[in-house]
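[1] sequence unknown, structure follows:
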């Protein structure tokens, strides 16, 4: 770089480095709110690329996608346009933990996202590698490419995914490359270290892709699609289930496990070739076989990669074993006995930062105007990345416009839980969003994401007038539906309905809401009385949940209010925690490292006890 001739590429408001799921949402959030933006990518053919699973959503991840959509993001819309199949996970459980998941056409998702970006005003796409981030004092001033191009700007979002310092590992073969053979980024890590970030190595992996013509599904369990609601509040109804593409279910067996266990000396995860930290909740097949030695089999899903390809993704069987062992291993599985592998599986290691180095806005604690989003912050998954990208882009835009940032609380969104976990607790392994992480999940449901977030997105300038009108119409529909449910039901039909569920007769004057509180599903109520036939499924789900769990929701809102009260006690960033008498040593170290913004964030730090919080409250009162 020292001898490279530098030249001006122009002056912009912001530069986004990386065009994966985080980078795409960040660039759109900036450009759509009026910021002149550059989206820099190593390869324009990898924009919105899905290097792993050809799906969007899943447990808790479906919540994130609907929240992204409610705030004015793009992932839900593109996922709906590329969807091959929809399913509702945890459908037999409560509404709070039900999660939408869609199998998508991988290539169509990429081309649709690229098309959206290319037709967005204020946005320039550039193929090139970011080599350095320029600063002046403690503020970002630009980005320099490996070819010497200088992009002057006041905000930078680093969203490098798994490409930064990437290397792929398959058996004895190590390649200095990004996912799917794409080029890696090699120059930016040094700049991040120089700018104050702590850098470490994480790992993820992916299964093989098989030639579908050599996969025999005749004797396998079919996993059909379902007629549920789509991701985006702007999308129409999902296709009928008979028009959706099926997936198939199969299992590993004793012979699969024997091949793995007999060859652990050739497994990079066990012979020392890989030393970085992998995801706990998406382990390789080698890890599953070793860790769960008592299990006779492990579940696998065969998922289509797209409508115009024969490639099949083997969900649940990621590996970094050598190619010869992969072929032998896959062929032990029922339905895959004659399979041919199109793309062999691999593990990938990459550089990421310690998220304790960033603020809840995703801005650096050291450099103003510098944001990070996605897997560089230690997360895993497309949805987690997209959520961070949207928030980083939106907060950068708000800062450029001189407006207050948008920081979502834990009781407002799964996005708030995700970011708060990262910046308050940090992570020592690739972080994955789960419903169990959200203590307020009863009112952080998929069905009410727009009710929670669309007004906020509209106030920030990201939600369009079209989207806002749809939100207002749905809000009115919810209010009308809730009002109708409080009306009296025909007594004779109501008695017959409860008796069909084995319940005793009702008192006179029963309402539809009373039937719901009795445990009668709203669908049965609607069919019995011929009501609410044209109301969308997610609106019905929202109203049914609000009625049925009204008492629990009231209690949960009280708990959330207590948490908000704690967050109304700000902590100055320059506190000398070492000088506060009464704080335990561990608490002093953790508080000095994380620098919480308020008492609410402080009490969520691992190692900070209620007694430490009491000491901080006394300290604040003395300061006042």
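    Structure's in. What do you need? Keep in mind the model is a prediction, meaning the values are calculated, not measured. Residues are numbered from 1 along each chain as shown.
[2] which positions within the helix or strand bottoming out on mean pLDDT in the chain qualify as buried?
    One helix or strand of the chain scores below all others by mean pLDDT, DSSP states H and E: helix 550-567, with a mean of 85. By 16 or more other C-beta atoms under 10 Å, the buried positions in helix 550-567 come out as 553, 556, 560, 563, 566-567. The way it works is simple: take the backbone N, C-alpha and C, and place the C-beta from them, glycine included.
[3] ok, residues contacting that helix?
    409-411, 439-440, 442-443, 546, 598-601, 603 (C-beta atoms under 8 Å, 6 or more residues apart in numbering).
[4] of all those, which comes closest to residue 354?
    For the contacts of helix 550-567, the residue nearest residue 354 by C-beta to C-beta is residue 601; the value is 16.7 Å.
[5] what about that closest one, helix or strand, and which?
    helix 599-603 (DSSP states H and E).
[6] what does that helix rub up against?
    360, 420, 424, 563-564, 566-567, 569, 571, 591, 594, 596, 608, 610, 612-613, 616-617, 620.
[7] now the buried members of the residues you listed.
    Of the contacts of helix 599-603, these count as buried by 16+ other C-beta under 10 Å: 360, 420, 424, 563, 566-567, 571, 591, 594, 596, 608, 612-613, 616.
[8] of all the residues you listed, which two lie farthest apart?
    Going by C-beta to C-beta, the pair spanning these furthest: 360 and 612, at 20.4 Å.
[9] okay, the closest residue to residue 187 other than its chain neighbours: pLDDT?
    Nearest non-adjacent residue to residue 187, counting by C-beta to C-beta, 6 or more residues apart in numbering: residue 131, 4.1 Å away. Confidence at residue 131, expressed as pLDDT, is 97.
[10] helix or strand right after the helix or strand that residue 131 is a member of?
    Assessed by DSSP H and E, residue 131 sits inside strand 130-136. Proceeding N to C from strand 130-136, the next assigned helix or strand is strand 139-145, under DSSP H and E.
[11] what sits against the closest residue to residue 11 other than its chain neighbours?
    Among residues not flanking residue 11 along the chain, residue 152 sits closest, at 4.3 Å (C-beta to C-beta, 6+ apart). By C-beta under 8 Å, 6+ apart, the residues touching residue 152 are 8, 10-12, 141-142.
[12] buried ones from those residues, can you make that a ChimeraX selection?
    A single ChimeraX command suffices to select whichever of the contacts of residue 152 are buried according to 16+ other C-beta under 10 Å:
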select :12,142
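[13] which one of the contacts of residue 152 is nearest to residue 430?
    For these, the nearest to residue 430 is residue 142 (30.8 Å; C-beta to C-beta).
[14] residues contacting the closest residue to residue 57 other than its chain neighbours?
    Leaving aside its chain neighbours, residue 57 sits nearest to residue 101 (4.0 Å; criterion: C-beta to C-beta, 6+ apart). Shown in contact with residue 101 (C-beta under 8 Å, 6+ apart): 55-58, 61-62, 86-89.
[15] the same query, at a cut-off of 6 Å, please.
    57-58, 62, 87, 89 (C-beta atoms under 6 Å, 6 or more residues apart in numbering).
[16] looking at the residues you listed, spot the one nearest residue 179.
    Set against residue 179, the nearest of these by C-beta to C-beta is residue 58 (19.4 Å).
[17] so, low pLDDT: which residues of the stretch 151-300 of the chain?
    Within the stretch 151-300 of the chain, no stretch has pLDDT under 70.
[18] if you set the cut-off to 80 instead, what comes out?
    275, 280-281 (pLDDT under 80).
[19] just the helices from it, written as ranges.
    In the stretch 151-300 of the chain, the segments counted as helices under DSSP state H, counting those that start in this stretch are 188-194, 254-261, 268-271, 285-291.
[20] out of the ones you listed, nearest to residue 500?
    Between these, helix 285-291 lies closest to residue 500; by C-beta to C-beta that is 44.3 Å.
[21] is it fair to say residue 360 lies in a helix?
    No: read with DSSP: H, G, I helix; E, B strand; the rest coil, residue 360 is coil and lies in no helix.
[22] pLDDT at it, what is it?
    Residue 360 is assigned 97 on the pLDDT scale.
[23] so it versus residue 379, what's the distance?
    15 Å (C-beta to C-beta, to the nearest Å).
[24] ok, which stretches of the stretch 251-400 of the chain are strands?
    In the stretch 251-400 of the chain, the segments counted as strands under DSSP state E, counting those that start in this stretch are 299-304, 311-315, 341-343, 346-353, 370-372.
[25] got TSV for those strands, with distance to residue 496 and mean neighbour count too?
    Compiled in TSV, those are given as follows (distance: least, C-beta to C-beta, whole Å; neighbours: other C-beta atoms under 10 Å):
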stretch	distance to residue 496	mean neighbour count
strand 299-304	42	21
strand 311-315	45	23
strand 341-343	57	17
strand 346-353	60	26
strand 370-372	60	27
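[26] which one of those strands lies closest to residue 241?
    Closest to residue 241 of these is strand 299-304 (C-beta to C-beta; 15.4 Å).
[27] just checking, what packs against the closest one?
    When contacts are defined as 3 or more C-beta pairs under 6 Å, 6 or more residues apart in numbering; DSSP states H and E, strand 299-304 packs onto strand 247-251, strand 311-315.
[28] possible to save those as CSV with distance to residue 299?
    Listed next are the helices and strands packed on strand 299-304 as CSV, based on distance: least, C-beta to C-beta, whole Å:
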stretch, distance to residue 299
strand 247-251, 6
strand 311-315, 9
